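J.: here are the coordinates; sequence isn't available:
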């Protein structure tokens, strides 16, 4: 007997090629897909409510006889039918109707209707209710279960999905839908969930009995939902472990620890690395000595010194005779990295290349040649690194800075720049701390290191909230800070991301501040400037030639000016917590007392107020990340580029985070003892799509 994932949906009654195409747009190709296309909510159609007992804002089933039906002309033409039972009268209102529909709603017809009650101009009304005509002599039975409401698209009705689900449930047996092993099934989701079979869980969720607690279903807490949530999280976890295993079956270069080169590097530094930097560098160094590719995520709050750790890792690759590449999200960050790495590594005789999209002609050719022949031992670049024509001599280590800025395929493309002999080691860095639930799920294929210590001498940034009506006071504060020899940022934000509009807003603000602060040297940087102009402005600000830098969020990452002690963020309510925290991290990099002014416009939404409150109360990036996850949810937190196939259908990382420790244990057990079941679970939930989200 074929399993349900091998039975095309077109084999079901009433599904032809045209219907099959529509269902395919919902991701439904097989009978198994129908069963895993789960309801988003439920309706109670198991009891009839007397019309006289109706209240607004409720969903009800009513029965009655049509006492009148007319087309009414008001602001919108509508068909209105008066329905009456022995307790009262309600109005059915249809804005979209046909002549045939009107004819079927003749006076005297008995109807059973389902819909939402609202208070309208004619009293209590049901807008566009579902209805059926009743035979006076044969009463139609009420629904025997709660009615599911499915996610759908235009052209696929709820009635069609319910009918298809009924057919699929009739085909469902324990033999044609692979079950988890008993040892794994009993270890998760609590005792109740562990006792529910997969077939039982699916049947209950598609056809919940009348006595099923609807509040449990609404919150995702029912044991049947937890049973499936566990398996869905398990499928994603397994896919990442399988991907990790696939990558690590390929050879990687053994990179011995570079004693002399590292000693010379550390001796030239004007500061001593922190204990956390040394600990994390040692973890990475251990990985690099192994013959399997390193897959490590490095987390560190803004200003914690990830770049230094990256330099130590790059030295190990270079000392072993290989090249290292660092990919960064913007040209400003690329230039800053080149400045830092040249000051650190040039005295050691290490060749450095910079490759960005704007580099053209002979200059680009020269860099490409140096990369191809190995003279460029360290290559720093933007997205340009994975373009065609970029060939490495022997890439041994790729470092991705601010990984959330890059898509899956971009990281893969850089990894695949290696030679056929080996796979390069990979280090992924982020200054946006990742909450524990996401680290255990979306990043399960990566080892994780955390720099949990700031360099000595860093002063915490004091954050204040000031309303826009006090803008003049903020301008005076900028004047005072710059008058004391410090520097300041003024960041402009927009509701919609647009380089043109952002540039215009920043330019207008810069003009206003030049009028208000004629004694200050004010610079302007935004995404529309040519690369040379951006570099010139940033260099002038870093050297102290400019006192105030007006900028868009282009300075969010990688900009390091120790003398900058004040940041003003205009309209911070337009940004998320992670971005606000990144921006604030541009100050507080020296020993001077530093401040961040959040210059907001009233009125603030509830979420905006909560975000700004969190910013004022803490500088801890991990606390901010957890709150950001609560406010935005995993999808927005990770971003569409990061989620990859992490589109959860029933599980919820916030609600179901307590399942993850058991998920991890179960995944490792399945891969070790029952790999064929592991593969079936991944195929069932991810529809055979390979996961490349974090590699």
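T.: Arrived safely. Every value quoted in this text rests on a predicted model; they were computed, and no experiment measured them. Numbering: from 1, shown residues only.

J.: Show the contacting residues for residue 127.
T.: Applying Cβ atoms under 8 Å, 6 or more residues apart in numbering, we find residue 127 in contact with 93-95, 115-116, 118, 120. Glycine gets a C-beta too; all of them are placed from N, C-alpha and C.

J.: Now, of those, which are buried?
T.: Buried members of the contacts of residue 127, counted by 16 or more other Cβ atoms under 10 Å: 93-94, 115.

J.: Can I get those residues in a markdown table including pLDDT, secondary structure and distance to residue 314?
T.: Output for those, formatted as a markdown table (pLDDT from 0 to 100; DSSP: H, G, I helix; E, B strand; the rest coil; distance: Cβ to Cβ, whole Å):
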| residue | pLDDT | secondary structure | distance to residue 314 |
| --- | --- | --- | --- |
| 93 | 93 | strand | 69 |
| 94 | 94 | strand | 69 |
| 115 | 91 | strand | 65 |
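
J.: Just put these in a markdown table and tack on distance to residue 278.
T.: Below are the buried ones among the contacts of residue 127 laid out as a markdown table (distance: Cβ to Cβ, whole Å):
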| residue | distance to residue 278 |
| --- | --- |
| 93 | 72 |
| 94 | 72 |
| 115 | 66 |
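
J.: rewinding a little: closest one to residue 432 out of the contacts of residue 127, please.
T.: residue 116 (41.2 Å; Cβ to Cβ).

J.: Find the residue closest to that closest one in space, skipping its chain neighbours.
T.: Using Cβ to Cβ, 6 or more residues apart in numbering and skipping residues adjacent in sequence, the residue nearest residue 116 is residue 59, 5.4 Å away.

J.: Over to residue 546?
T.: Using Cβ to Cβ, 6+ apart, the nearest residue to residue 546 is residue 523, at 4.0 Å.

J.: Next up, the contacts around that neighbour.
T.: Counted by Cβ under 8 Å, 6+ apart, residue 523 has contacts 537, 540-541, 546, 548-550.

J.: Now it: which helix or strand?
T.: Secondary structure assigned from DSSP states H and E places residue 523 in strand 522-525.

J.: Give the other helices and strands that the helix or strand just after that strand contacts.
T.: Using DSSP H and E, the helix or strand that follows strand 522-525 towards the C-terminus is helix 531-543. Under the contact criterion of 3 or more Cβ pairs under 8 Å, 6 or more residues apart in numbering; DSSP states H and E, helix 531-543 touches helix 331-345, strand 522-525.

J.: Helix 531-543: which residues count as buried?
T.: 531, 534-535, 537-538, 541-542.

J.: Do you know the pLDDT at residue 75?
T.: Residue 75 carries a pLDDT score of 83 in this model.

J.: got any ranges where the stretch 1-150 of the chain has weak pLDDT?
T.: Along the stretch 1-150 of the chain, the model assigns pLDDT under 70 to residues 1.

J.: can you give me the helices for it?
T.: Assigned by DSSP state H, counting those that start in this stretch, the helices in the stretch 1-150 of the chain fall at 17-24, 31-35, 99-104.

J.: Now that we have these, can you turn them into CSV and tack on distance to residue 322 and mean neighbour count?
T.: Below are these laid out as CSV (distance: least, Cβ to Cβ, whole Å; neighbours: other Cβ atoms under 10 Å):
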stretch, distance to residue 322, mean neighbour count
helix 17-24, 46, 14
helix 31-35, 46, 25
helix 99-104, 73, 11
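
J.: who wins for proximity to residue 386 among these?
T.: Proximity to residue 386 (Cβ to Cβ) singles out helix 17-24 among the helices of the stretch 1-150 of the chain, at 32.1 Å.

J.: which is the next helix or strand following the host helix or strand of residue 438?
T.: According to DSSP H and E, residue 438 maps onto helix 436-441. Sequence order places strand 447-451 as the next helix or strand after helix 436-441, per DSSP H and E.

J.: Note down every partner strand of that next one and its orientation.
T.: Strand 447-451 sits in its sheet next to strand 295-300 (parallel), going by DSSP bridges.

J.: quick revisit: next, the buried residues of the helix holding residue 438.
T.: Residues of helix 436-441 classed as buried: 437-441 (neighbour count, 16+ other Cβ under 10 Å).

J.: Which of the residues you listed lies at the shortest distance from residue 169?
T.: residue 441 (30.0 Å).

J.: Just confirm the closest one contacts residue 237, I think it does.
T.: Yes. Using Cβ atoms under 8 Å, residue 441 is in contact with residue 237, at 6.8 Å.

J.: Flag the helix or strand of this protein with the lowest per-element mean pLDDT.
T.: Counting by mean pLDDT, DSSP states H and E, the chain has its least confident helix or strand at helix 640-643, which shows a mean of 42.

J.: Let's test this: mean pLDDT of the next helix or strand after that helix, rounded?
T.: For helix 640-643, the following helix or strand on the C-terminal side (DSSP H and E) is helix 660-673. For helix 660-673, mean pLDDT is 90.

J.: Where do the strands of the stretch 251-400 of the chain begin and end?
T.: 295-300, 323-327, 352-355, 378-381, 395-400 (DSSP state E, counting those that start in this stretch).

J.: which one of those lies closest to residue 253?
T.: Among these, strand 395-400 sits nearest to residue 253 (Cβ to Cβ), with 4.9 Å.

J.: Next, the angle strand 323-327 makes with the closest one.
T.: Put simply, strand 395-400 runs at 20 degrees to strand 323-327, going by axes from the mean of the first three to the mean of the last three Cα atoms, to 10 degrees.

J.: and strand 395-400, which strands flank it?
T.: When DSSP bridges is applied, strand 395-400 pairs with strand 323-327 (parallel), strand 425-430 (parallel).

J.: Mean confidence (pLDDT) on it, please.
T.: Mean predicted confidence for strand 395-400 is 93.

J.: I'd like to know which of the buried residues of helix 436-441 is nearest to residue 316.
T.: Nearest member of the buried residues of helix 436-441 to residue 316, counting by Cβ to Cβ, is residue 439, at 25.0 Å.

J.: Wait, the closest one touches residue 448, no?
T.: Yes. Under the criterion of Cβ under 8 Å, residue 439 makes contact with residue 448 at 6.0 Å.

J.: anything in contact with each of those two?
T.: With Cβ under 8 Å, 6+ apart, residue 439 and residue 448 have common neighbours residue 297.

J.: Bridging across strands, which residues link to residue 81?
T.: Beta-bridge partners of residue 81, counted by DSSP bridges, are residue 69, residue 92.

J.: can you pull the contacts of it?
T.: Contact analysis of residue 81 by Cβ under 8 Å, 6+ apart lists 66, 68-69, 91-92, 94, 105.

J.: And the residue with the largest distance to the centre of the chain, how far from residue 110?
T.: The outermost residue of the chain relative to its centre, with distances by Cα atoms, centre = their mean, is residue 137 at 56.5 Å. Distance of residue 137 to residue 110, computed by Cβ to Cβ, to the nearest Å: 11 Å.

J.: again with residue 475
T.: Residue 475 sits at a distance of 73 Å from residue 110 (criterion: Cβ to Cβ).

J.: same thing with residue 353?
T.: For residue 353, the distance to residue 110 - Cβ to Cβ - is 82 Å.

J.: who's more crowded, the two?
T.: residue 353 (21 against 17; other Cβ atoms under 10 Å).
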